[in-house]
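*Asks:* 3D, please:
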Amino acid sequence: MYRNSKALKKKESALSQGPVNRTLLYIFGGMILLGVIMVFDASVYKASELFGDPFYFLRQHIIWLVLGGIAGFAMYTIDYRILSKISFAFLLIIVIFLIFVLILGNDINGAKRWFEIAGLTFQPAEFAKLAMVIYLASILSKEPDRKITSNEMLLQAFKSRLMTFLAILITIVVLVMMEPDMGTTMIIGLTSFLIFFISGEDRIHTIGSILVAGVMGIAGVAAAVVAPYRFERIRTFMHLLTQGKVDNPTGEGYQISQILIGIGSSGFWGKGFGQSRQRFGYLVENTAFTDSIFAILLEELGFASAIMLVILWLVVLWQGFKTSIMIEDKFGKLLVAGITIWLVTQALLNMAANVALIPLTGIPLPFLTYGGSNTIVTLAAVGLLLNVTRYAKTTTK
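*Replies:* Residues are numbered from 1 along each chain as shown. Model prediction:
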């Protein structure tokens, strides 16, 4: 009896751990270091102008990195299977915060996205990204593996699985759009779509993927109609795409015009570190070290730096998917795939927007962009990702 009890305990207890994925660890560590350097470089002018202290934003960024490091370490050390049990509660808390921020949040430039706690600002929509990945990985990993062979089974699956998924997704998307935050809405929608798409091979996943794409398309059209400035951004982008020049460079096209001036003058190797001109107040507000920090990187270190950064993110995509395939536990498999999809999609969209491949939108570049909530949730996600990758091909059956 003792032996049977011991065997059962071994079967249902902790998973057998392997080594951490060093490739991902080194890439993420390198990006964090590059982010510290670039945030300081890109923020010196604004920090001196606003606070008389060139290190102001650097210190704030390091504080966020410390908090994010704590969150990441916690995610790295826990038994990740616990998250499956609390995923709905976590998501519900985020939904409550998304509602409260619309009522009690700080109004900055017409947007209510932030709470201020002890002098530090938090953006609930950023945490919604991680909450959605964990929740979707949880519910999709519990789906039965049987194939749908009849219309009756399809209807049952539609009611029990797809409707729940769509209801959660629509709720989150609507709340984030109301802030408004179209960039985060895009990331959540694309990530949710891809997680759902890869989680199964039956007809319900095909139908569900089409419906999710439709929901996001409708949301995009509605966002452009409701907010005229988004329509203007799209119009400006289309004019640049078709005419080869920026329309209204002193108005709606000002930001992309300044970005392209900086990038266009950099060449293959750039002007040199610390030589950016666009950081000296030419980019609107504080975007030189937030959403447009990639443009500053290109201006200083040239097209070569862009190639290297894109390659690194493609390696992250490859390593994430390769490891996901090797994990036998479906919850862990979908967690790794979901976090990888989210981070890589966000990075590529940010870089694409900064070189005018897509319309400008407020999407932070993971590890490089200054910002509290984005830094914390990204490092927490990385800690969880590295945690789960240790169980590739080692799951106890």
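*Asks:* Could you measure from the closest residue to Val212 other than its chain neighbours over to Val215?
*Replies:* When the adjacent residues along the chain are set aside, Val212 lies closest to Phe193, with 4.4 Å between them (Cβ to Cβ, 6 or more residues apart in numbering). The C-beta positions use only the backbone N, C-alpha and C, and glycine is treated the same way. Using Cβ to Cβ, to the nearest Å, one gets 9 Å for the distance from Phe193 to Val215.
*Asks:* Comparing the two, which residue is more hemmed in?
*Replies:* The neighbour count for Phe193 versus Val215, taken as other Cβ atoms under 10 Å, is higher for Phe193 (20 against 17).
*Asks:* Which of the helices or strands spans the more buried one?
*Replies:* Taking DSSP states H and E as the criterion, the element that holds Phe193 is helix 182-198.
*Asks:* Then Lys112?
*Replies:* Counting by DSSP H and E, Lys112 is found in strand 111-117.
*Asks:* same deal with Met238?
*Replies:* Per DSSP H and E, the secondary structure element for Met238 is helix 228-243.
*Asks:* Also Thr340?
*Replies:* Thr340 belongs to helix 330-354 when elements are defined using DSSP H and E.
*Asks:* follow-up on the earlier one: show me what the strand holding Lys112 is packed up against.
*Replies:* Under the contact definition 3 or more Cβ pairs under 8 Å, 6 or more residues apart in numbering; DSSP states H and E, strand 111-117 sits against helix 82-104, strand 106-108, strand 120-122, helix 124-141.
*Asks:* and the residue lying closest to Met177 once chain neighbours are set aside, how far is that from Val173?
*Replies:* Among residues not flanking Met177 along the chain, Thr185 sits closest, at 5.2 Å (Cβ to Cβ, 6+ apart). Using Cβ to Cβ, one gets 6 Å for the distance from Thr185 to Val173.
*Asks:* okay, those two: which has more neighbours?
*Replies:* Comparing Thr185 with Val173 by other Cβ under 10 Å, the one with more neighbours is Thr185, at 25 against 22.
*Asks:* one step back: show me what contacts the residue nearest to Val212?
*Replies:* Residues touching Phe193, when contacts are defined by Cβ atoms under 8 Å, 6 or more residues apart in numbering, comprise Ser209, Val212, Ala213, Met216.
*Asks:* Now for the residues you listed: which two are most distant?
*Replies:* Largest separation among the contacts of Phe193 by Cβ to Cβ: Ser209 and Met216, giving 10.9 Å.
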